[in-house]
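[1] Sequence isn't available, so here's the structure alone:
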């Protein structure tokens, strides 16, 4: 069972972007009669349960009360409440923006895949976590594919709940270029496992505003240096698990792992950019150093196919993640 860390340090997403990260809306598009649940987390957090079953129970309850003529008659309130808690989240969407600063770009001017993966993990994880309340989520599988390398900025973000189950959530992630009329930049999906944190889920004020430390992005170093990654071999990058790279549970942030995967692939091949990534999170990174090792599996018309293994060297070389990426 996860326990929140007692230490306070900036989230990797905030450290990377150095700005006020504001998720604007979370709405449901299924039905105008949708019932608002857990509204203390977001101003516009709306869930849509199974309306047919819920409506039937409410009608039965109303008839029982009418026939008895007393408010003391036992009703179906507990069942109604349970249906609300178990209600399927349909078309819940979390929307936000991020700046497209120079230190987030690769040599060809596009936003680094590691940056896009960090955003996808963060916005998709938060959206899935809200769908899993009163539990919370940890990332297990992240897939992202780019449609273009061009980015004017700011970066547009949208995450939609595709499925919210007892043990897992699946969220879709769309990343767009708001400076180019909302042109599609990347599309993907995040699967997360639902857990019951010992200290309960994170508590956010509404509306959600995550403020980053003050930082001059014009003097920021390249992403590899910013992450603290160093080459430890011709096909290997490593980093220490410093406090700013840990998530609220005290383990390496999933976005930091994804950024390391991206950078390791480029380091090993000399490629300009990563175009798509399938990343499987297998175990948490707690000790460090963490090492990403790249194996080239083959080539195809749109680039080189890589397999990248991420291990926690300080925890008996435990496999943390494995990814399949395409670079060109």
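    Sure thing, it's come through. Predicted model only: the values in this text are computed from it and were never measured.

[2] Output the contacting helices and strands for the biggest strand by length in the chain.
    Looking across the chain with DSSP state E, the single longest strand is strand 183-195. Secondary-structure packing of strand 183-195 (3 or more C-beta pairs under 8 Å, 6 or more residues apart in numbering; DSSP states H and E): helix 113-131, strand 136-146, strand 155-164, strand 168-177. For glycine as for every other residue, the C-beta is placed from the backbone atoms N, C-alpha and C.

[3] Kindly reformat the ones you listed as a markdown table containing mean pLDDT and distance to residue 316.
    Output for those, formatted as a markdown table (pLDDT from 0 to 100; distance: least, C-beta to C-beta, whole Å):
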| stretch | mean pLDDT | distance to residue 316 |
| --- | --- | --- |
| helix 113-131 | 89 | 25 |
| strand 136-146 | 94 | 21 |
| strand 155-164 | 88 | 35 |
| strand 168-177 | 94 | 28 |
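
[4] Of all those, which one comes closest to residue 243?
    helix 113-131 (17.0 Å; C-beta to C-beta).

[5] what's the angle from that closest one to strand 136-146?
    Interaxial angle, helix 113-131 versus strand 136-146 (axes from the mean of the first three to the mean of the last three C-alpha atoms, to 10 degrees): 140 degrees.

[6] Across the sheet, point out what pairs with residue 95.
    Counting by DSSP bridges, residue 95 is bridged to residue 25, residue 158.

[7] actually residue 177, sorry about that
    The partner residues for residue 177, given DSSP bridges, come to residue 155, residue 183.

[8] isn't it right next to residue 183, touching?
    Yes: using C-beta atoms under 8 Å, residue 177 is in contact with residue 183, at 4.7 Å.

[9] Compare those two and say which one has the larger neighbour count.
    Ranked by neighbour count (other C-beta atoms under 10 Å), residue 177 and residue 183 place residue 177 first, with 21 against 15.

[10] Any chance of JSON lines for the helices and strands packed on strand 183-195, columns distance to residue 219?
    Shown next, in JSON lines, are the helices and strands packed on strand 183-195 (distance: least, C-beta to C-beta, whole Å):
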{"stretch": "helix 113-131", "distance to residue 219": "18"}
{"stretch": "strand 136-146", "distance to residue 219": "28"}
{"stretch": "strand 155-164", "distance to residue 219": "21"}
{"stretch": "strand 168-177", "distance to residue 219": "25"}
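
[11] Of the ones you listed, flag the one that's most buried.
    Mean neighbour count (mean count of other C-beta atoms under 10 Å) peaks for helix 113-131 among the helices and strands packed on strand 183-195, with a mean of 28.

[12] quick check: angle from that helix to strand 168-177?
    Using the same axes, to 10 degrees: helix 113-131 against strand 168-177 is 130 degrees.

[13] follow-up on the earlier one: what angle sits between the longest strand of the chain and strand 155-164?
    If you take the same axes, to 10 degrees, strand 183-195 sits at 40 degrees to strand 155-164.

[14] Return the set of buried residues in strand 183-195.
    Neighbour-count burial for strand 183-195, counted by 16 or more other C-beta atoms under 10 Å, picks out 185, 186, 187, 188, 189, 190, 191, 192, 193, 194, 195.

[15] what's the closest of these to residue 282?
    Taking C-beta to C-beta as the measure, residue 282 sits nearest to residue 193 out of those, at 11.6 Å.

[16] What residues does the closest one make contact with?
    The contact partners of residue 193, taken as C-beta atoms under 8 Å, 6 or more residues apart in numbering, are 137, 138, 140, 167, 168.

[17] Please look at the second one and residue 282 and confirm they touch.
    In this case it means residue 138. No: Residue 138 is beyond contact range of residue 282, at 11.4 Å (criterion: C-beta under 8 Å).

[18] who touches both of residue 177 and residue 183?
    By C-beta under 8 Å, 6+ apart, the residues touching both residue 177 and residue 183 are 148, 150.

[19] Phi first, then psi, for residue 263.
    For residue 263, the backbone dihedrals (degrees, to the nearest 10) come out as phi -70, psi -40.

[20] Could you list the domains of the protein?
    Annotated domains of the chain cover 12-32+90-216, 51-86, 221-328 [automatic domain parsing].

[21] Out of those domains, name the one with the poorest average pLDDT.
    Lowest mean pLDDT within the domains of the chain: domain 51-86, a mean of 44.

[22] mind checking pLDDT for residue 3?
    44.

[23] So for residue 233, which of the helices and strands packed on strand 183-195 sits nearest?
    Using C-beta to C-beta, the nearest of the helices and strands packed on strand 183-195 to residue 233 is helix 113-131, at 19.0 Å.

[24] Looking at the contacts of residue 193, which one is closest to residue 103?
    Using C-beta to C-beta, residue 138 comes nearest to residue 103 of those, at 28.0 Å.
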